[in-house]
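>>> Below: sequence and its predicted model.
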Amino acid sequence: MKAVVQRVTDARVKIDGSVRGEITNGFLVLLGVGDGDTDTDMRYIADKIINLRVFSDENGKMNLSLADVGGSMLVISQFTLYGDCSHGRRPYFGGAMEPEGANAMYEKFVAYVRGEGIHTETGEFGADMKVTLTNDGPVTIILESKK
């Protein structure tokens with residue numbers, strides 16, 4: 001599983017011109033599910049994101065987690081994180097999990113994060129989405145469960 005985590009002051013996703021999910025103060029998470037990913041991969045990535053210490057403490061140091069600051073998460077499915085561009089110029093997506101399994105894992109991820117007490121908004125799996133955000137910092141972290 002792969003995730004691009006961006007610390008944001010606000011983020012929203014629109015589908016067909018209507019806002020589907022919107023947050024303030026938290027993380028925009030682009031989440032890719034790889035072929036062979038398991039619940040163990042999902043929990044690893046979810047726990048890592050929830051506990052990343054990238055929010056400022058009272059001394060201005062990145063020392064607090066999403067959970068510590070009461071932040072929210074906007075999770076967007078992103079199979080293109082598995083785009084392999086090592087041969088030619090057109091990405092090959094063979095490393096991504098097939099859509100039905102990926103959607104199930106995406107839904108498990110969202111349910112797990114919500115179960116940990118994090119307010120979580122989503123896009124729609126497989127939809128054409130328009131995502132906007134204000135990156136705070138900017139702080140952007142890339143996580144992989146198989147590293």
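Everything's here; your move. Residues are numbered from 1 along each chain as shown.

>>> in the chain, which spans are strands?
Along the chain, counting by DSSP state E, strands occupy 2-15, 18-32, 55-56, 62-64, 72-77, 119-122, 129-144.

>>> And the pLDDT at Val54?
Per-residue pLDDT puts Val54 at 98.

>>> now do the one 4 residues further on
Per-residue confidence at Glu58 stands at 96 (pLDDT).

>>> what's the closest non-adjacent residue to the residue sitting nearest the centre point of the chain?
Compute the mean C-alpha point of the chain, and by Cα atoms, centre = their mean the closest residue is Val29, 2.1 Å away. Leaving aside its sequence neighbours, Val29 sits nearest to Val75 (Cβ to Cβ, 6 or more residues apart in numbering; 4.8 Å). All C-beta atoms are positioned from the backbone trio N, CA, C, and that covers glycine.

>>> quick one: that neighbour and Lys146, what's the gap?
19 Å (Cβ to Cβ, to the nearest Å).

>>> more crowded one of the two?
For Val75 versus Lys146, the count of surrounding residues by other Cβ atoms under 10 Å is larger for Val75: 26 against 10.

>>> what sits against the more buried one?
Applying Cβ atoms under 8 Å, 6 or more residues apart in numbering to Val75 gives the contacts Val29, Leu31, Tyr106, Phe109, Val110, Val113, Thr120, Glu121, Thr122, Gly123.

>>> Check the residues you listed for burial and list the buried ones.
Buried members of the contacts of Val75, scored by 16 or more other Cβ atoms under 10 Å, are Val29, Leu31, Tyr106, Phe109, Val110, Val113, Thr120, Glu121, Thr122, Gly123.

>>> helices and strands around the longest helix seen in the chain, which ones?
Ordering each helix of the chain by length in residues (DSSP state H) puts helix 99-115 first. Other elements packing on helix 99-115 under the criterion 3 or more Cβ pairs under 8 Å, 6 or more residues apart in numbering; DSSP states H and E are helix 39-51, strand 72-77, strand 119-122.

>>> so which of these is the most packed in?
Comparing the helices and strands packed on helix 99-115 by mean neighbour count (mean count of other Cβ atoms under 10 Å), strand 72-77 comes out on top with a mean of 25.
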